[in-house]
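Visitor: just coords:
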């Protein structure tokens, strides 16, 4: 049961792992080409977080040029998934909000949030507004299925 | 003084123009490959707004794939310019914040904002916080020069 390859004691780059801070308020949704996609467990907004699987990254500029293009592709894909979540929840969105902040959790990540003119924070941003309202199980499953329909195609 | 060319009555796509809403709180800084770069006239944060020169666009997904890669390049370049502004103003930044919201002004645009742990909104986002504090002329000129040094190279 031991590995046939020697332990990689000399590996310089730390291995990528999603910062545990993300796992308290969100759920793994899909593994895309560059990013892990998480569903933010906050029924107030359809909301996906993309985390590039690159250890130690905190800014977009640390990605290579091809990785940045891939990140852009996945932002657009996640936008379509967020739209689909809004439709599935009976609250189609009016606007996408995309943000890479990282002031609270440093690990590089991008928020893709579906906004409506009647949502509680409109027209302000959603970050730091009130307290997350976890989905009811049925709604969360509907949102997940809608997002996966876009990601898996 | 009349134009020698006939009026373009048959042109389908409207011509691009920066939404006047941006011009009250910001100043033209540079014309990049895809975007007009504006300096946000708010001394609280070094802050650049990028506006892709595409008429009628409100979401990133409306850009073609090559345009999106170019936008990403310009976001990274604007990030370097924002860092240089922070240095020039004697307040080097700790974190870049990148956001494409468009809830207030619909025309597609991306904010690149330099944040410090001691700034008035940290760790929350800057959008909608308090009232803009216009730069003193000297500081604004220093910030502009620093940003242009990055954009022009």
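Guide: All right, it came through fine. All figures in this text were calculated on a predicted structure; none of them were measured in a lab.

Visitor: host element of the most centrally placed residue in chain A?
Guide: Closest to where the C-alpha atoms of chain A average out (CA atoms, centre = their mean) is residue A:49, at 1.4 Å. Per DSSP states H and E, residue A:49 falls inside strand A:47-52.

Visitor: Residues in contact with whichever helix or strand comes after that strand: which ones?
Guide: Remark: after strand A:47-52, the chain's next helix or strand is helix A:65-88, criterion DSSP H and E. Helix A:65-88 is contacted from outside by A:32-35, A:37, A:46-48, A:50, A:52, A:54, A:60, A:63, A:92-93, A:96, A:98, A:110, A:112-114, A:116, A:142-143, A:145-147, A:149-151, B:59-61, B:65, B:68-69, B:71-73, B:76, using CB atoms under 8 Å, 6 or more residues apart in numbering or on different chains. Backbone N, C-alpha and C define where each C-beta goes, glycine included.

Visitor: quick one: buried residues of the lowest-mean-pLDDT helix or strand in chain A?
Guide: When each helix and strand of chain A is scored by mean pLDDT, DSSP states H and E, helix A:20-25 comes last, with a mean of 93. The neighbour-count check on helix A:20-25 (16 or more other CB atoms under 10 Å in any protein chain shown) flags residue A:22 as buried.

Visitor: so how far is that helix off the chain centroid?
Guide: How far helix A:20-25 lies from its chain's middle: 11 Å, per CA atoms, centre = their mean, to the nearest Å.

Visitor: Kindly report the same for stretch A:87-101.
Guide: From the chain centre to the centre of stretch A:87-101 is a distance of 13 Å (CA atoms, centre = their mean).

Visitor: same check, this time on stretch A:102-122
Guide: 10 Å.

Visitor: one step back: what's the first helix or strand after the least confident helix or strand of chain A?
Guide: Once the chain leaves helix A:20-25, the next helix or strand it forms, by DSSP H and E, is strand A:26-31.

Visitor: List only buried entries from the contacts of helix A:65-88.
Guide: Looks like these have A:32, A:34-35, A:37, A:46-48, A:50, A:52, A:54, A:60, A:63, A:93, A:96, A:98, A:110, A:112-114, A:142-143, A:146-147, A:150-151, B:59-60, B:68-69, B:71-73, B:76 buried, using 16+ other CB under 10 Å.

Visitor: returning to that earlier point: is the strand holding residue A:49 anywhere near chain B?
Guide: No: Strand A:47-52 lies apart from chain B when judged by CB under 8 Å from any CB of the partner chain; the minimum separation is 12.7 Å.
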